[in-house]
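**Q** A predicted structure for the sequence below; I have some questions about it.
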Amino acid sequence: MELGLAGKVVLVTGASTAIGRATAIAFAEEKAHVAVGYHTNHRAAEETVAMAEQRGARAIAWRLDLGRPDSLEAAVAHARDRLGPVDVLVNNAVRWPDWPEPGELFETAPPERFTTSVTANLVGPYLLARAVLADMRASGWGRVVNVSTGLVVDGFPGNVSYVAAKAGLHGLTRVMSRELASAGILTNVVMPGFTPAGKPMPRDLLDKAGEAAATKRVSHPDDAARMIVYLCSAANTNTTGEAIRTDGHFLTPG
């Protein structure tokens with residue numbers, strides 16, 4: 001299948017490791033040029049750049065902070081200056097909230113945890129999308145994928161700040177799809193499953209997570225990356241406003 005991504009400029013946030021890295025590399029394999037957004041792990045981001053370049057892509061790394069609008073605007077400007085106008089935006093970066101304290105209740109959780117999560121995980125992607133849309137409109141073509149989580153559907157105790165922020169991405173995506181599709185810009189959500197990010201995890205946790213999926217395995221970064229690349233490609237001509245799970249029909253353990 002011809003994906004029509006050769007020469008397209010792609011900005012992937014949170015691309016230093018895990019799903020973001022797999023996505024950046026998958027775009028590079030299609031000969032797209034990749035801007036690797038990262039927050040703190042510069043070394044890992046440069047490793048992603050090297051992997052993309054090995055596949056024949058032009059690639060750069062740029063630090064961005066989801067909580068700072070000026071940082072997001074600078075990232076888009078840098079990608080435009082170095083690679084060209086952004087054709088594809090993948091909002092993959094996430095700021096994880098703190099875990100609840102023992103005995104913490106819904107109504108006793110610190111409200112600043114909620115506002116911090118919403119700022120980074122919802123307002124940040126919204127502002128990034130705004131920053132790239134003028135160039136997409138000018139070219140008459142663009143793709144945006146917001147990476148979310150199945151917890152939006154299932155819920156998960158103690159994670160209201162994260163889940164509510166990600167749920168907001170779904171509403172944002174639906175409105176964007178209605179407003180932007182006539183301009184040739186398609187916008188979707190991808191919901192990965194439980195995906196170990198390369199860090200050692202207890203065997204019993206991995207086993208439990210695998211059993212919770214119909215496919216009886218934990219997800220791999222490529223599971224989400226392949227779907228993201230398709231949705232962001234020229235092969236996708238009519239899918240927009242959708243939330244697609246790539247989690248093997250994962251049922252979040254209670």
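**A** Alright, I've got the coordinates.
**Q** Alpha carbons only: can I get stretch 103-116 in CSV?
**A** What follows is stretch 103-116, C-alpha atoms only, in CSV (Å, rounded to 0.1, in the frame of the first residue of the first chain):
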residue,chain,number,x,y,z
GLY,A,103,-6.0,6.6,52.0
GLU,A,104,-6.6,9.5,49.5
LEU,A,105,-10.2,10.0,48.4
PHE,A,106,-11.6,11.5,45.3
GLU,A,107,-12.6,14.6,47.2
THR,A,108,-9.3,14.9,49.1
ALA,A,109,-6.9,14.7,46.2
PRO,A,110,-5.1,18.0,45.7
PRO,A,111,-6.8,20.0,42.9
GLU,A,112,-3.5,21.3,41.6
ARG,A,113,-2.8,17.7,40.4
PHE,A,114,-5.9,17.9,38.2
THR,A,115,-5.1,21.3,36.8
THR,A,116,-1.5,20.5,36.1
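**Q** And the contacts of that stretch?
**A** G67, R95, P97, D98, P100, G158, V160, S161, A164 (CB atoms under 8 Å, 6 or more residues apart in numbering). Every C-beta, even on glycine, is put in place using the N, C-alpha and C of the backbone.
**Q** Could you dump those residues into TSV and include distance to A35 and secondary structure?
**A** Formatted as TSV, the contacts of stretch 103-116 follow (distance: CB to CB, whole Å; DSSP: H, G, I helix; E, B strand; the rest coil):
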residue	distance to A35	secondary structure
G67	19	coil
R95	19	coil
P97	27	coil
D98	30	coil
P100	35	coil
G158	34	coil
V160	32	helix
S161	28	helix
A164	29	helix
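**Q** I'd like to know which of those residues are buried.
**A** Among those, those buried by neighbour count (16 or more other CB atoms under 10 Å) are R95, P97, P100, V160, S161.
**Q** Which pair of those residues spans the longest distance?
**A** Pairwise distances across these peak at 16.3 Å for R95 and P100 (criterion: CB to CB).
**Q** returning to that earlier point: any idea which of the contacts of stretch 103-116 is the one closest to A129?
**A** For the contacts of stretch 103-116, the minimum distance to A129 (CB to CB) is 16.0 Å, reached by G67.
**Q** Give me the phi and psi angles of that closest one.
**A** phi -90, psi 0 (degrees, to the nearest 10).
**Q** if I pick the most centrally placed residue in the chain, what's in contact with it?
**A** The centroid of the chain falls nearest to N92 when counting by CA atoms, centre = their mean (1.8 Å). Contacts for N92 were tallied using CB under 8 Å, 6+ apart; they are V12, T13, G14, A15, I19, G20, T23, V147.
**Q** With secondary structure, pLDDT and neighbour count as extra columns, can I get those in CSV?
**A** As requested, the contacts of N92 are exported to CSV (DSSP: H, G, I helix; E, B strand; the rest coil; pLDDT from 0 to 100; neighbours: other CB atoms under 10 Å):
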residue, secondary structure, pLDDT, neighbour count
V12, strand, 98, 33
T13, coil, 97, 27
G14, coil, 96, 26
A15, coil, 96, 32
I19, helix, 95, 27
G20, helix, 97, 29
T23, helix, 98, 31
V147, strand, 97, 25
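**Q** ranges for the helices of the stretch 151-254 of the chain?
**A** With helices called from DSSP state H, counting those that start in this stretch, the stretch 151-254 of the chain shows them at 151-154, 160-180, 203-211, 221-231.
**Q** in the stretch 151-254 of the chain, which ranges drop under the pLDDT threshold?
**A** Scanning the stretch 151-254 of the chain for pLDDT under 70 picks out 195, 197-219, 248-254.
**Q** With the stretch 1-150 of the chain instead?
**A** For the stretch 1-150 of the chain (pLDDT under 70), the answer is none.
**Q** would you list every one of the helices in it?
**A** According to DSSP H, counting those that start in this stretch, the helices that the stretch 1-150 of the chain contains are 18-29, 42-54, 69-82, 111-118, 124-139.
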